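Asks: pasting the sequence and the predicted coordinates here, then a few questions.
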Amino acid sequence: MFFISNISAQSLEQQDSFISARFGLSSVYTLSSGFSATLPPIDGTYEYMITENISIGGFIGVYSAEFEFNNTFFNDNESIKYSFFNIGALGNYHFVNNDQWNVYVGAALGYLSVGVDDNITDGAGDVRSSGIALGVQGGARYFFTDKFAANVQLGYGLAVLSLGVTLKL
């Protein structure tokens, strides 16, 4: 029993830091019908616990999708390819933070770059735009050991639902 209790996970504490890598199942950018992912939402985060319940950090993520449709004017199939790149800062409040569970809610603010490439105008319609990325998230981590956890997150950002892993540094 003593051995098992010593290998159990530890809660996150002030000055702890960790990284997470996640794979998204769908994106808020292309929730409507007709889109298919060519690269699913993939993101990574770094967080630093400034208190036992509050973390700050950064995020980076990529995603691409394609929209296919039938152009009735030319009677052929067309497609438009979208690529998304996010980077920025985040903050989370950890309202459950015990030996195995870490449950949090938070917000993110950053930079969003969007590329649009269509095959309709032979390159003349290719566009790149950028703006502010705003997001909110809620998630949970289950620590299998004191350094390794499974992570699930819901939110409004790059991905609606994502699954991944967390490594405590």
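Replies: Sure thing, it's come through.

Asks: list the buried residues for stretch 136-144?
Replies: Neighbour-count burial for stretch 136-144 flags 137, 139, 141, 143 (criterion: 16 or more other Cβ atoms under 10 Å). In this view, the C-beta of every residue, glycine as well, is placed from N, C-alpha and C.

Asks: let me know the closest of these to residue 168.
Replies: Using Cβ to Cβ, residue 143 comes nearest to residue 168 of the buried residues of stretch 136-144, at 7.8 Å.

Asks: bridged to the closest one, which residues?
Replies: Counting by DSSP bridges, residue 143 forms beta bridges with residue 149.

Asks: check residue 109 too.
Replies: Judged by DSSP bridges, the bridge partners of residue 109 are residue 89, residue 134.

Asks: begin at 894 from now on, thanks
Replies: With 894 as the first residue, the last one maps to residue 1002.

Asks: quick one: pLDDT of it?
Replies: Looking at residue 1002, its pLDDT stands at 97.

Asks: what sits against it?
Replies: Going by Cβ atoms under 8 Å, 6 or more residues apart in numbering, residue 1002 touches 981-983, 1025-1028.

Asks: same thing but 7 Å
Replies: Residue 1002 makes contact with 981-982, 1027, according to Cβ atoms under 7 Å, 6 or more residues apart in numbering.

Asks: from the residues you listed, which shows the smallest pLDDT?
Replies: Lowest pLDDT of those: residue 1027, 91.

Asks: burial check on that one, number of neighbours?
Replies: 13 (other Cβ atoms under 10 Å).

Asks: circling back to that earlier point, what's the closest of the contacts of residue 1002 to residue 971?
Replies: Among the contacts of residue 1002, residue 1027 lies closest to residue 971 (Cβ to Cβ), at 31.2 Å.

Asks: perfect, I'm done here.
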